[in-house]
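A.B. asks: what follows is a predicted structure for the sequence shown.
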Amino acid sequence: MTTGSVSPPPHHEDQDLIDRIIGDQVGRPGALLGILEKLQDRNRNKYLPMETLEYVAARTGVPQSQVYAVATFFALFNLDPQGTHTVAICRGTACHTRGSRALLERVKLQLGLREASDDADKLTLTTPDRRLTIRTVACFGQCALAPVVEIDHAIRGHVKEQALMREVDALRKESAR
Amino acid sequence: MTDKVKVRIDGEVIAATAGQTILEVARAHDKYIPALCYMEGLSAVGACRLCMVEVSGVARLLPACTTPVQEGLAVATTSPQIQSYRKMVIELLLVERNHVCAVCVSSGHCELQTLAQDHGVTHVRYPYNYPRLSVDTTHPRYVLDHNRCVLCSRCVRTCAEIEGAHVWDIAGRGIHSRLVSELQRPWGEATSCTSCGKCVQACPTGAMAEKGWGVEEMTKQRAGVSRLTSMREGQ
Ligand code: SF4
Ligand code: SF4
Ligand code: FES
Ligand code: FES
């Protein structure tokens, strides 16, 4: 049952890599998590395509539904392609009371992004040109600096709307080049 | 090696076997403890919290379905606190999805409805969530209506543990958790489904049903599913 219908992953040149990652991890406790994490990390757009999940299930013998459950339980995993730059806006309590909703709404407006549904438990929006991904975070643990925004892994505190807009515009222009 | 232990349930001394859960012992002696996610023949997951009981010497309530008995354990299956707690759990289950019993195939045979009646839930005190949920009608013989799903995972365990197909699992988390077949594929396209229908029989509500039944018409054969496990154990 595990080797029955193993369809190749989307990019054939990646197959060796995927096989190697799976081979390295299989049998270890928590193997699935490790496999998914590595695969997402190696993915050009930092996400797990459906074909990859299907392939992982077939190769590891873990039922597809279980692979999907793991990939959707952890906020770390993305099922959609991510942008070149990431702007993570904190929506924790401290940041909320300091106006993070307005920041989020402003950025969404600026980039013309809208939520597809209110179904998802985390917000991740990517511009159609895949330059920018906007996401929300529950708390960065930097509440004293509220409102907090993380731009490409750099934390900014006491963020003002104007300043954030300038940064976002800069990122758009920069990656347009 | 069956270690016999003596436990007390609502004051009555009962001989049990170590390793049995409080719920198993209680059921074997006709003591009522409500349960929803528990189903005989499946592993216990302690997901619904309806079976919470008081154990003397323990400050918090414990789930009867996953707590093993020990020598000298004293359990109270009901108390004003437990009752109000269970009532709350039922109300929260009701507000989480869109339960409209008047148009449900399982009305009159639904475990959630019965529990609500037994616990005097005549109305709910919390605002309804009214989530927008889909109905999967793609399987030729069965339907899945997410509006009525209580996420008990009985279908998941039945399919994985008894049928061995593991078509189902619970995706996402918290309020956004949803039952999924395979990689979020429509049920009718799930190639691992053998169409045995055991998940439908195990489902306590009208979330899973056979096609072709009208309101109040779908009754389920849960005992048959549980019996499969005991018959296999006997082999
Ligand atoms: S019909 Fe059978 S195989 Fe399909 S999901 Fe239900 S129990 Fe599993
Ligand atoms: S479909 Fe039925 S059995 Fe499955 S999780 Fe929902 S309520 Fe439980
Ligand atoms: S709430 Fe934003 S950093 Fe804690
Ligand atoms: S029956 Fe024990 S938690 Fe559901």
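C.D. replies: Perfect, thanks for sending it. Ligands and ions are numbered 1, 2, ... in the order given.
A.B. asks: distance of A:V70 relative to A:L39?
C.D. replies: According to CB to CB, to the nearest Å, A:V70 and A:L39 sit 12 Å apart. C-beta here means a position set from N, CA and C on the backbone, and glycine is covered the same way.
A.B. asks: between these two, who's got more neighbours?
C.D. replies: Using other CB atoms under 10 Å in any protein chain shown, the more surrounded residue of A:V70 and A:L39 is A:L39, with 23 against 20.
A.B. asks: I'd say that one and A:Y47 touch.
C.D. replies: No: under the criterion of CB atoms under 8 Å, A:L39 is not in contact with A:Y47, lying 9.6 Å apart.
A.B. asks: can you list the domains in chain B?
C.D. replies: Using automatic domain parsing, the domain ranges for chain B come out as B:4-78, B:101-232.
A.B. asks: how about the residue nearest the centre of chain B, what does it touch?
C.D. replies: Most central in chain B under CA atoms, centre = their mean is B:C37, positioned 2.3 Å from the mean C-alpha point. Residues in contact with B:C37 (CB atoms under 8 Å, 6 or more residues apart in numbering or on different chains) are B:44-48, B:50, B:65, B:152-154.
A.B. asks: before we move on, back to that, could the domains of chain B be laid out in CSV, adding distance to A:C90 and mean pLDDT?
C.D. replies: Shown next, in CSV, are the domains of chain B (distance: least, CB to CB, whole Å; pLDDT from 0 to 100):
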stretch, distance to A:C90, mean pLDDT
domain B:4-78, 31, 96
domain B:101-232, 18, 96
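A.B. asks: tell me where chain B has strands.
C.D. replies: In chain B, the segments counted as strands under DSSP state E are B:4-9, B:12-17, B:52-55, B:62-63, B:74-76, B:135-136, B:142-145, B:168-171, B:178-181, B:208-210.
A.B. asks: chain A too?
C.D. replies: Under DSSP E, chain A gives strands at A:85-90, A:124-126, A:132-137, A:149-151, A:154-156.
A.B. asks: pull out the buried positions in the last one.
C.D. replies: Neighbour-count burial for strand A:154-156 flags A:R156 (criterion: 16 or more other CB atoms under 10 Å in any protein chain shown).
A.B. asks: who touches that strand?
C.D. replies: A:140, A:142, A:145, A:148-150, A:164, A:167.
A.B. asks: can you tell if that strand touches ligand 3?
C.D. replies: No: judged by CB under 6 Å from any ligand atom, strand A:154-156 stays clear of ligand 3, getting no closer than 8.9 Å.
A.B. asks: what do you get for stretch A:133-145?
C.D. replies: Yes: contact of stretch A:133-145 with ligand 3 (CB under 6 Å from any ligand atom) involves A:139-140, A:142-143.
A.B. asks: fine by me, we can end here.
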